[in-house]
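Asker: With the input below, show me the fold.
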Amino acid sequence: MKKSAAIFLTLTLTAALAAGCGSKESSESASPSASTAPSASTAPAASQAPAGQYADGVYYAQGDEFDAKTGWKEVVGLKVEGGKIVSVNWTGLNKDGGIDKKEYSVEGKYGMKAGGASSEWHEQAAKAEQFLLEKQDPAAITVNSEGKTDAISGVSVHVSGLATLAKKALDAGPVEAGPYKDGTYKAEAADFDAKTGWKETVVLTVLNGKILAVDWNGVNKDGGTDKITRSKSGEYGMKAGGASSEWHEQAAKADQFLLEKQDPAAITTNSEGKTDAISGVSVHVNGFAELAKKALDQAK
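Answerer: Numbers count the residues shown, from 1 in each chain. Next up, the predicted model:
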């Protein structure tokens, strides 16, 4: 089978090269950019497999680093069935952790319309994803020197990252899928804590069956900013009370632990609700583990 596929691919490429010799060279550069950042200036070359002939499975690729200005690193997940791309998920991870870029936009935190755009980032991302589903080839997403496109109506955001990462994912081949259903899942405690006034919350994003982003946070009975925001501002004041680090710093370590283990059951706790499993975390984590499990129960 492998030998036959190799012969077929060789014949296909030979035919394509022969056809290309007689065609007029495009005035636009066709060489792919090596960067996965939104500033990539050219569209990627066509993927190795012709549209409609990708191997079935799930595909994944992410940028090499977080953008120095925005703090986001783009990621793309694809699913192929019957040789065709049937789903596309283009989003991003933040250098500080927490919810993914798409959920960040859904919650109104990205604020593109407030800045004068006609639609929010997640709405434009959905149009770009649909375009790729229709065209079945990342090379169809042509971009200008700014990484933007005129090919997709209603999309003014940088799309070079989507085109580059989709090609990178398809060229790399299918990856192993995780046990969960893709989506964003939320869970929160039933009541506000009588002593602290906080109610814990967990938001998980699953891509290709694996936990991609984790946000353990809290809301206060009196309203106002969330627990992470108050911790970052110093208002929560754990270090002032003698702790080695602030709550948001410890929460980030717990988030990362779950990302690595992919299973809330790995967060073992003692009778006080604390854990020895996560280095540098002295806060109660039993609520986090319980809510993460509750959220993932929705993904089974």
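
Asker: Show me the strands in the protein, by range?
Answerer: 57-62, 72-81, 84-94, 183-188, 198-207, 210-220 (DSSP state E).

Asker: Make CSV from the ones you listed and add mean neighbour count, distance to residue 262 and mean pLDDT to it.
Answerer: (C-beta placed from N, C-alpha, C; glycine too.) Converted to CSV, those look like this (neighbours: other C-beta atoms under 10 Å; distance: least, C-beta to C-beta, whole Å; pLDDT from 0 to 100):
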stretch, mean neighbour count, distance to residue 262, mean pLDDT
strand 57-62, 20, 14, 98
strand 72-81, 22, 15, 98
strand 84-94, 20, 16, 97
strand 183-188, 17, 14, 97
strand 198-207, 23, 10, 98
strand 210-220, 22, 6, 98
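
Asker: Turn these into JSON lines, columns for distance to residue 172.
Answerer: Below are the strands of the chain laid out as JSON lines (distance: least, C-beta to C-beta, whole Å):
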{"stretch": "strand 57-62", "distance to residue 172": "7"}
{"stretch": "strand 72-81", "distance to residue 172": "11"}
{"stretch": "strand 84-94", "distance to residue 172": "14"}
{"stretch": "strand 183-188", "distance to residue 172": "24"}
{"stretch": "strand 198-207", "distance to residue 172": "15"}
{"stretch": "strand 210-220", "distance to residue 172": "16"}
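
Asker: wait, which of these is closest to residue 258?
Answerer: Nearest to residue 258 among those is strand 210-220 (5.2 Å), distances taken as C-beta to C-beta.

Asker: Let me see the residues that make contact with the closest one.
Answerer: For strand 210-220, contacts defined as C-beta atoms under 8 Å, 6 or more residues apart in numbering pick out 75, 91, 93, 97-100, 103, 177-178, 180, 188, 192, 197-206, 226-228, 251, 254-256, 258-259, 262, 288, 291-292, 296.

Asker: What of stretch 97-104?
Answerer: 72, 74-75, 89-94, 107, 110, 121-122, 125, 184, 203, 205, 212-215, 217, 228, 252, 255-256.

Asker: now do 6 Å
Answerer: For stretch 97-104, contacts defined as C-beta atoms under 6 Å, 6 or more residues apart in numbering pick out 72, 91, 92, 110, 122, 184, 203, 205, 213, 215, 252, 255.

Asker: From those residues, pick the one nearest residue 170.
Answerer: Among those, residue 91 lies closest to residue 170 (C-beta to C-beta), at 17.5 Å.

Asker: how far away is the nearest residue to the closest one once chain neighbours are set aside from residue 123?
Answerer: Nearest non-adjacent residue to residue 91, counting by C-beta to C-beta, 6 or more residues apart in numbering: residue 102, 4.2 Å away. Distance, residue 102 to residue 123, by C-beta to C-beta, to the nearest Å: 10 Å.

Asker: How about residue 219?
Answerer: In this view, residue 219 and residue 123 are 26 Å apart by C-beta to C-beta.

Asker: ditto for residue 72
Answerer: Taking C-beta to C-beta, one finds residue 72 at 17 Å from residue 123.

Asker: try residue 205
Answerer: Separation of residue 205 from residue 123 (C-beta to C-beta): 18 Å.

Asker: again with residue 79
Answerer: Counting by C-beta to C-beta, the gap from residue 79 to residue 123 is 21 Å.

Asker: got it, and residue 242?
Answerer: 46 Å.

Asker: Could you check which of those two is surrounded by more residues?
Answerer: residue 123 (17 against 6; other C-beta atoms under 10 Å).

Asker: which ones are touching that one?
Answerer: Here residue 123 is in contact with no residue (C-beta under 6 Å, 6+ apart).

Asker: and it, what pLDDT?
Answerer: Predicted confidence (pLDDT) for residue 123: 98.

Asker: So residue 138 sits against residue 164, correct?
Answerer: No - counting by C-beta atoms under 6 Å, residue 138 stays clear of residue 164, with 7.6 Å between them.
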